[in-house]
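# Show me how the following folds:
(4 chains)
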4 protein chains.
Amino acid sequence: MSGKEFVYEEKVRIYDTDAQGIVHYAGYYRFVTDAFEQFSKIKLGSEFPLLTNRVWFVVVESHARYYKSAKLGDKLSTHVNVEIAGRKALCFNFKIHKGRSVICDGKIVQVAIDSKTWKSVVLPKKLVARLKKR
Amino acid sequence: MSGKEFVYEEKVRIYDTDAQGIVHYAGYYRFVTDAFEQFSKIKLGSEFPLLTNRVWFVVVESHARYYKSAKLGDKLSTHVNVEIAGRKALCFNFKIHKGRSVICDGKIVQVAIDSKTWKSVVLPKKLVARLKKR
Amino acid sequence: MSGKEFVYEEKVRIYDTDAQGIVHYAGYYRFVTDAFEQFSKIKLGSEFPLLTNRVWFVVVESHARYYKSAKLGDKLSTHVNVEIAGRKALCFNFKIHKGRSVICDGKIVQVAIDSKTWKSVVLPKKLVARLKKR
Amino acid sequence: MSGKEFVYEEKVRIYDTDAQGIVHYAGYYRFVTDAFEQFSKIKLGSEFPLLTNRVWFVVVESHARYYKSAKLGDKLSTHVNVEIAGRKALCFNFKIHKGRSVICDGKIVQVAIDSKTWKSVVLPKKLVARLKKR
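A predicted model of the protein is given here:
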């Protein structure tokens, strides 16, 4: 990832784990969602995924690889970088670090929609400008 | 519980468990919610908790006691009984059995609201009639 | 609650909500769990709910009343106070505030167990001393 | 998918949804996990993901594309097909149907590990034989 990445720190909680004693794979969703939300607020000045009453983001693709497991109490830092993916979508790339190791990486592609018609829409100009200005 | 109770069977799944190897306490929410929903459909002919576009049910009180733990793969049966609690609310009593033992019991009180104004409303007459007819 | 209470702040995330647009009742579990964990770490110098390899806490009772709903993006502060409940249990009382309103309150009773035998045990003396010293 | 696929039916519950009124993307995890578990039990005679006390499966990769959204009450059928992916891993392919449309598809790759050492192990011969025999 480039120097444009954003880092968010979190701790593994009891509700992130399952009977294998580790974070279950959908549990990483919490870390990634929190990092995206914080990124949007701080870097873009926007709430996420409900940008406005009309413009929402919905996930159209997710991909992740899991290299090592995370346990209760582990401190994780989620590194996020966002790219514009065409006129209507954003691609959020992430790497989750535990100490010096990357334990999980992947991407989430989200499309902007109109919350009333549920059809995809062009990314708001203001959002695109802020993403490019970083 | 009386002869009016309704029984719903389910199995403990990996996502119901946490690092203690047992169902975490909010996990019982899934079993209870599923039992209430199935009860509503079969006994009351209604969807739950969104009865109609206008009439929804929202939780105003929950109480549970946990006697024994449940593990991955355990078969649980949730016994449900519903009482009318005043003009605007229903009280769902539940007992979760593992084999012959009751491992958890409690109640969930839900109030009928108007989904547009988010104010409490009187229970629909049809619903009350069906609850009394059981 | 007394002056011994502990306050933990959090924000409602997309995964705390359901199709009613509000935090679902088991969702409050996250706020309460996080507050207890933070309390244990800061005030008791202990990890929670897995105090040590041998001494774990398991929930034996939960009770909550919900007065108002919480929505996506709301800032909530969870006020926690802990009492010793007999020789083997702790009672965690909580009040969740949204601005000046208490929107939810209740308690969670947890019993100390030996993680190997899964039997209840007397509360560790050190823990009791720290709770009394506050 | 081939004629070897397995189909599992489920309904969207209130806890699968979020404030957008649809199943959130990690929510599909429940449908896929349940389908895999049922497949393992019926077709392979094995519990999943904890095959035995020693042999567990852990997720090393997940990929999904989301074409249409699913709403509260929707009936979904999850079609699963399993391939052997090298000596130590299985690849679970899935397609989630709502009526005649495929609304989500993807794969989950899982590696067999020894639960004591947490190292990858060769797939049990019996499991491989049953997978090939289908």
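# and the angle from the helix or strand containing A:D34 to helix C:28-39?
Element membership of A:D34 [criterion: DSSP states H and E] is helix A:28-39. Angle, helix A:28-39 to helix C:28-39, by axes from the mean of the first three to the mean of the last three C-alpha atoms, to 10 degrees: 80 degrees.
# Is there proximity between helix A:28-39 and chain C?
Yes: using C-beta under 8 Å from any C-beta of the partner chain, helix A:28-39 reaches chain C at A:Y29, A:R30, A:T33, A:D34, A:E37. Heads up, the C-betas are built off the backbone N, CA and C, glycines and all.
# Quick check: the fourth one touching C:R13?
Yes: assessed by C-beta atoms under 8 Å, A:D34 is found in contact with C:R13 at 6.6 Å.
# Now stretch A:92-105: average pLDDT?
Summarised as a single mean, pLDDT over stretch A:92-105 is 96.
# Tell me the span between the first and last residue of it.
One end of stretch A:92-105 to the other measures 11 Å (C-alpha to C-alpha, to the nearest Å).
# got the buried residues for that stretch?
A:F92, A:N93, A:F94, A:K95, A:I96, A:H97, A:K98, A:I103, A:C104, A:D105 (16 or more other C-beta atoms under 10 Å in any protein chain shown).
# name the helices or strands packed onto the helix or strand hosting the fourth one?
Per DSSP H and E: A:K95 is located in strand A:89-98. Contact here means 3 or more C-beta pairs under 8 Å, 6 or more residues apart in numbering or on different chains; DSSP states H and E; on that basis strand A:89-98 packs against helix A:28-39, strand A:75-84, strand A:101-114.
# can you list contacts of the shortest one?
Here strand A:75-84 makes contact (C-beta atoms under 8 Å, 6 or more residues apart in numbering or on different chains) with A:1-2, A:4-12, A:31-32, A:34-36, A:39, A:70, A:90-98, A:103, A:123, A:128, A:131-132.
# Just the buried residues out of those residues, in ChimeraX syntax.
The buried residues among these can be selected in ChimeraX (16+ other C-beta under 10 Å) with this line:
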select /A:6,8,10,11,12,31,32,34,35,36,39,70,90,92,93,94,95,96,97,98,103,123,131
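# picking that back up, for the helix holding A:D34, C-alpha coordinates in PDB please.
Provided in PDB are the C-alpha atoms of helix A:28-39 (Å, rounded to 0.1, in the frame of the first residue of the first chain):
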ATOM      1  CA  TYR A  28     -12.600  -9.700  10.600                       C
ATOM      2  CA  TYR A  29     -15.500  -7.900   9.100                       C
ATOM      3  CA  ARG A  30     -15.800  -5.900  12.300                       C
ATOM      4  CA  PHE A  31     -12.200  -4.700  12.200                       C
ATOM      5  CA  VAL A  32     -12.400  -3.800   8.500                       C
ATOM      6  CA  THR A  33     -15.800  -2.100   8.800                       C
ATOM      7  CA  ASP A  34     -14.500   0.000  11.800                       C
ATOM      8  CA  ALA A  35     -11.400   1.000   9.900                       C
ATOM      9  CA  PHE A  36     -13.400   2.000   6.800                       C
ATOM     10  CA  GLU A  37     -15.800   4.000   8.900                       C
ATOM     11  CA  GLN A  38     -13.000   5.800  10.700                       C
ATOM     12  CA  PHE A  39     -11.200   6.500   7.500                       C
END
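# The following helix or strand past that helix close to chain D?
As assigned by DSSP H and E, the chain's next helix or strand after helix A:28-39 is strand A:55-66. Yes: for strand A:55-66, a contact with chain D is found by C-beta under 8 Å from any C-beta, at A:W56, A:V58, A:V59, A:V60, A:E61, A:S62, A:H63, A:A64, A:R65, A:Y66.
# which residues touch strand A:55-66?
With contacts defined as C-beta under 8 Å, 6+ apart, strand A:55-66 is touched by A:25, A:28, A:48-51, A:89-90, A:103-115, A:121, A:124, D:20, D:22, D:25, D:58-67, D:69.
# follow-up on the earlier one: and the helices and strands packed on strand A:89-98 as JSON lines, adding distance to B:H79?
As requested, the helices and strands packed on strand A:89-98 are exported to JSON lines (distance: least, C-beta to C-beta, whole Å):
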{"stretch": "helix A:28-39", "distance to B:H79": "33"}
{"stretch": "strand A:75-84", "distance to B:H79": "41"}
{"stretch": "strand A:101-114", "distance to B:H79": "41"}
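# Comparing the ones you listed by mean pLDDT, which bottoms out?
helix A:28-39 (a mean of 90).
# Give me the sheet partners of the strand holding A:K95 and which way each runs.
Strand A:89-98 has its sheet partners listed here by DSSP bridges as strand A:75-84 (antiparallel), strand A:101-114 (antiparallel).
# CSV please, covering the ones you listed and showing distance to B:K43.
Listed next are these as CSV, based on distance: least, C-beta to C-beta, whole Å:
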stretch, distance to B:K43
strand A:75-84, 46
strand A:101-114, 38
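# show me the contacts for the residue of chain A most remote from its centre.
In chain A, counting by C-alpha atoms, centre = their mean, A:A19 sits farthest out from the average C-alpha position, at 25.8 Å. A:A19 makes contacts with B:I14, B:T17, B:D18, B:A19, B:G21, B:I22, B:K71, B:L72, D:L50, as judged by C-beta under 8 Å, 6+ apart.
# Could you find the closest non-adjacent residue to it?
Nearest non-adjacent residue to A:A19, counting by C-beta to C-beta, 6 or more residues apart in numbering or on different chains: B:T17, 3.8 Å away.
# For the one you found, name its beta-bridge partners.
B:V23.
# For it, the count of nearby residues, please.
Residues near B:T17, counting by other C-beta atoms under 10 Å in any protein chain shown, number 24.
# quick revisit: please pick the buried ones from the contacts of strand A:55-66.
Taking 16+ other C-beta under 10 Å as the criterion, what is buried in the contacts of strand A:55-66 is A:25, A:28, A:48-51, A:89-90, A:103-113, A:115, A:121, D:20, D:22, D:25, D:58-64, D:66, D:69.
# so A:D18 touches B:Q20, yeah?
No: applying C-beta under 8 Å as the test, A:D18 and B:Q20 come out as separate, 10.3 Å apart.
# Overlap of the contact sets of the two?
Counting by C-beta under 8 Å, 6+ apart, A:D18 and B:Q20 have no common neighbour.
# Once you drop chain neighbours, what's closest to A:L72?
Excluding the flanking residues, the one nearest A:L72 by C-beta to C-beta, 6+ apart is B:A19, at 4.9 Å.
# which SS state does that neighbour fall under?
Here B:A19 is recorded as coil under DSSP: H, G, I helix; E, B strand; the rest coil.
# what kind of secondary structure is A:G73 in?
Following three-state DSSP, the label given to A:G73 is coil.
# That one: how many residues sit nearby?
Neighbour count of A:G73, defined by other C-beta under 10 Å: 15.
# That one: what's it in contact with?
Going by C-beta under 8 Å, 6+ apart, A:G73 touches A:K11, A:V12, C:E47.
# now these as a markdown table including distance to A:A85 and pLDDT?
As requested, these are arranged in a markdown table below (distance: C-beta to C-beta, whole Å; pLDDT from 0 to 100):
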| residue | distance to A:A85 | pLDDT |
| --- | --- | --- |
| A:K11 | 31 | 91 |
| A:V12 | 30 | 91 |
| C:E47 | 41 | 82 |
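# of those, closest to chain B?
Nearest to chain B out of these is A:V12 (C-beta to the nearest C-beta; 9.0 Å).
# How much space separates the closest one from C:G73?
To C:G73, A:V12 is 24 Å away according to C-beta to C-beta, to the nearest Å.
# just to revisit the earlier point, and the residue farthest from the centre of chain A, what pLDDT?
Confidence score, pLDDT, at A:A19: 85.
# And for A:Y15?
pLDDT, read off for A:Y15, is 85.
# Does it belong to a helix, a strand or coil?
Recorded secondary structure, A:Y15: helix (three-state DSSP).
# How many neighbouring residues does it have?
18.
# isn't it right next to B:A26, touching?
Yes: A:Y15 lies in contact with B:A26 (C-beta under 8 Å); the separation is 7.4 Å.
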